[in-house]
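Participant: Predicted model follows, preceded by the sequence.
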Amino acid sequence: MDITRFISTNRKLLLVGFLLLILIFVATFPLYARQSQVRVLTVILMYVVLTVSWAMFSGTTGYMSLAPAAFFGLGIYTMALLQDTLPFPVIIVVGSLICFVFALLVGLVTLRLRGIYFTIFTFGLVIFLTELVQYLETRIWNRHGWDVTPIGNATILYTMFIVVVVTVLAIYFIRRSRYGLALLSIGGNEEAAEHMGINTTMTKVLYFAISSMFMGAVGVVIAPNLIYVNANIAFSLIWSFMPILMAIFGGMSQLSGPIIGAVIFGYLEKTLRAQLFSYFMLGFGIIMVAVIVFLPTGIIGLVPMLRGKLGGLMARLQKGEQGE
Amino acid sequence: MPILEGQDVNKYFGGLAAVSHVDFHVEQGEIVGLIGPNGAGKTTLFNLISAALPISSGEIIFKGQKLSGLKPNRICRMGIARTFQETKVFANMPVFQNVLVGAFFGSQDRVSTADAAREASQALEFVGLSAMSATPIKDLTLENQKRVEVARALATKPELLLLDELMAGLTPTEVSEAMELVRKIRDGGITIFMVEHVMKAIMGICGRVMALHHGEKIAEGTCDEISCNKTVIDVYLGEDTRAGS
């Protein structure tokens, strides 16, 4: 039987089956896996959300945002401050809304900046929030960080998975919609986009806010797993850099790219870092450079490349057979 | 009433008057040419009409409505579409999606996905690029990229089309094809205002021509009047003739 034909004709069916497998895998994972492994999977899922939402805005419009840490940290702090007053699901919604509104305000001020200036501003935003929270803690609240009551690894995993599903579905529909096209056209040529009837400022600000909303949501969800948080943990720039690396690693032309990038990179980070520690970052850097040089379209760029090579090989083989 | 009218239009860049006291009008169904040496303010005038640049003083009126203070996206939705002197295509998309952007966002009303797709393919067919709709736009020649820009502008369903040096850099055959295209667009009911250096094209299709020099309007009239106008010959056409073209 011809495998490639089978795949192409039953694409939808295979996709549904694949998603079902993932669902079953995540749902049953806490039943047989160690607690530490459950936490690793949770972090991987967290990276998926951060990476996919970063790529949704920055990957399409070309406005390189270093702000994920700002919104992620806001989510963490929302959880830290509200943990005893509101139920967990409500805090997730509140945290997302806070990030949405905050991003709207930030976007209105900064999305007129282009290129490197926008990037620098978002970088400054993370540092500003770190300093601000540190100031509030030392001068006003008189404390160093906050304890967050653990909720249970399985609960966090399932909640994180729900956030992943919501985020990926939302972004899937955004990418397919006319607004996905609008974002892409801003990345292609902003001036032309504006002359084609697109309200570029409104579009940028709105989708920057939507992507920030998802980042805030995962901040809330991951907070109980951190047990203790302070400004340096919550607003660590690593939360900004990782999603960018993962998106570049996976490739941004399709939705699957950032997801694959986040899963592979997240897994490597969580497992290898424990064993190799500082050598890990070195390997990390080498892999990144190799990907950028040899696979500018990311890991998903391998698929058409391999398909082309395989196709050529198959054709040659078939020809060989006929020749005999 | 003219479809587009400019009253005492001025644009200053610092102390420099890029467009100075220009009055102009474009009537429904016309093809009006805008000529002048490099730096005369032709593209600046287009940028003022499409609101890429804010006007310093004066009024531009489209179908009786003042355009001052409006953003480019509003101008486009009102019915003025344009192309660019240096092509500004969406380099990260295939040809079809480039045109689809115009179809989705360029018209006054919300367009359904099916309608937008239909309009985009019609516009591509109109400019003769149907066969290339799936091609990445970067792989197209300059001439074809310019045609995509025209298709993209047409997909916004404009009443007035601003063409900024559509024919610059094209071979003589391509110029003839482009002239044919412009005529076809006008016959479809769209008024055209075009900046052009290729005099053959101006003389061939424009009903009326305006000449700018140092930001000021120095002449206006039919092609015959313009080509005999002494000032125009002195500052613009004469140079060309001496250059041997």
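Facilitator: Thanks, I have it.
Participant: how's chain B carved up into domains?
Facilitator: Domain assignment of chain B by automatic domain parsing yields the ranges B:27-41+B:159-245, B:89-157.
Participant: The ones you listed: which one's closest to A:Arg176?
Facilitator: domain B:89-157 (9.7 Å; Cβ to Cβ). Where C-beta positions appear, they are placed from N, C-alpha and C, glycine not excepted.
Participant: and the closest one, does that touch chain A?
Facilitator: Yes - with Cβ under 8 Å from any Cβ of the partner chain as the measure, domain B:89-157 is seen reaching chain A through B:89-93, B:97-98, B:100-102, B:104-107, B:113, B:116, B:152, B:156.
Participant: Report the contact partners of whatever residue of chain B ends up closest to chain A.
Facilitator: Residue nearest to chain A within chain B (Cβ to the nearest Cβ): B:Phe90, separated by 2.9 Å. Contacts for B:Phe90 (Cβ atoms under 8 Å, 6 or more residues apart in numbering or on different chains) come out as A:Leu184, A:Ser185, A:Gly187, A:Gly188, A:Asn189, A:Ala192, A:Ala193, B:Gln97, B:Asn98, B:Val101, B:Ile137.
Participant: if you set the cut-off to 10 Å instead, what comes out?
Facilitator: A:181, A:184-190, A:192-193, A:196, B:97-101, B:137, B:148, B:152 (Cβ atoms under 10 Å, 6 or more residues apart in numbering or on different chains).
Participant: Show me those residues that map onto helices.
Facilitator: A:181, A:184-188, A:190, A:192-193, B:97-101, B:148, B:152 (DSSP state H).
Participant: who's in contact with residue 236?
Facilitator: I went with chain A, as the question did not name one. Residues in contact with A:Ser236, defined by Cβ under 10 Å, 6+ apart, are A:Ala69, A:Phe72, A:Gly73, A:Val126, A:Thr130, A:Met242.
Participant: To clarify, I was referring to chain B.
Facilitator: The contact partners of B:Tyr236, by Cβ under 10 Å, 6+ apart, come to B:35-38, B:40, B:197, B:199, B:211-213, B:218-219, B:226, B:229.
Participant: Give me the secondary structure label for it.
Facilitator: When classified by DSSP: H, G, I helix; E, B strand; the rest coil, B:Tyr236 comes out as helix.
Participant: Could you give the number of residues near the spatially closest residue to B:Gly36 that is not a sequence neighbour?
Facilitator: Leaving aside its sequence neighbours, B:Gly36 sits nearest to B:Leu212 (Cβ to Cβ, 6 or more residues apart in numbering or on different chains; 3.8 Å). Counted by other Cβ atoms under 10 Å in any protein chain shown, the residues lying close to B:Leu212 total 28.
Participant: tell me the pLDDT at B:Leu212?
Facilitator: Here the pLDDT value assigned to B:Leu212 is 91.
Participant: For burial, what's the neighbour tally of A:Gly59?
Facilitator: Using other Cβ under 10 Å, A:Gly59 is surrounded by 24 other residues.
Participant: got the contact list for it?
Facilitator: Taking Cβ under 10 Å, 6+ apart as the definition of contact, the neighbours of A:Gly59 are A:51-52, A:183-184, A:187, A:211, A:244, A:247-248, A:251-253, A:257-258.
Participant: follow-up on the earlier one: ok, of the ones in helices among the contacts of B:Phe90, which one's closest to A:Gly62?
Facilitator: Comparing these against A:Gly62 with Cβ to Cβ places A:Gly187 closest, at 4.2 Å.
Participant: Which members of the contacts of A:Gly59 occur in helices, if any?
Facilitator: Among these, the members falling in helices are A:Thr51, A:Val52, A:Leu183, A:Leu184, A:Gly187, A:Ser211, A:Ile244, A:Ala247, A:Ile248, A:Gly257, A:Pro258 (criterion: DSSP H).
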